[in-house]
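Asker: Would you be able to build a 3D model of this:
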Amino acid sequence: MSNLNFIFPDIETDRLKLAILNLDDTDAVFNHFSDENVTRFMDISPCKDRDEAKEIIRFHLEDTGCRWGIFSKSNAEFIGTCGFHCWFQGEQPRAEIGFDLARGYWGKGIMQEALKP
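Answerer: Have a look, this model is predicted:
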């Protein structure tokens, strides 16, 4: 099942705009995920080329969840991603939350703001 059957809205907070990743974000995703500090605790290696960035985006477009790109409202810079993936249906439905953030934004409460209910 793909998330293409669902419409996930853009989300805005005081400092952030979250928008579902798409192939127009390839360069930003490549730059972000080529930083080994960003991927260090993830289940992926740093991106070596833009094709790998496209694969990341396509994976999330076809996954049962969703993945938003996180953009700073002050300068429109792509600073990370967050979202739900691996949604499990059944008696105990659940989803995993995943997120990553550019090093320059660590320790500033960005993920608390992005993931706030």
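Asker: Pull the contacting residues for the nearest residue to residue 68 once chain neighbours are set aside.
Answerer: Residue nearest to residue 68 in three dimensions, not counting chain neighbours: residue 18, with 3.8 Å by C-beta to C-beta, 6 or more residues apart in numbering. In short, each C-beta sits where N, CA and C put it, glycine included. Residue 18 makes contact with 10-12, 68-71, 82, 114, according to C-beta atoms under 8 Å, 6 or more residues apart in numbering.
Asker: Which of those residues fall in strands?
Answerer: 11-12, 68-71, 82 (DSSP state E).
Asker: Considering those residues, which possesses the most neighbours?
Answerer: residue 70 (29 neighbours; other C-beta atoms under 10 Å).
Asker: Please determine how far residue 20 is located from residue 92.
Answerer: Between residue 20 and residue 92 the distance is 26 Å, computed by C-beta to C-beta, to the nearest Å.
Asker: Looking at these two, which one has more neighbours?
Answerer: More neighbours surround residue 20 than the other of residue 20 and residue 92, with 20 against 6 (other C-beta under 10 Å).
Asker: Can you tell me, leaving aside adjacent residues, what's nearest to that one?
Answerer: residue 8 is the one closest to residue 20 (C-beta to C-beta, 6+ apart), at 5.2 Å.
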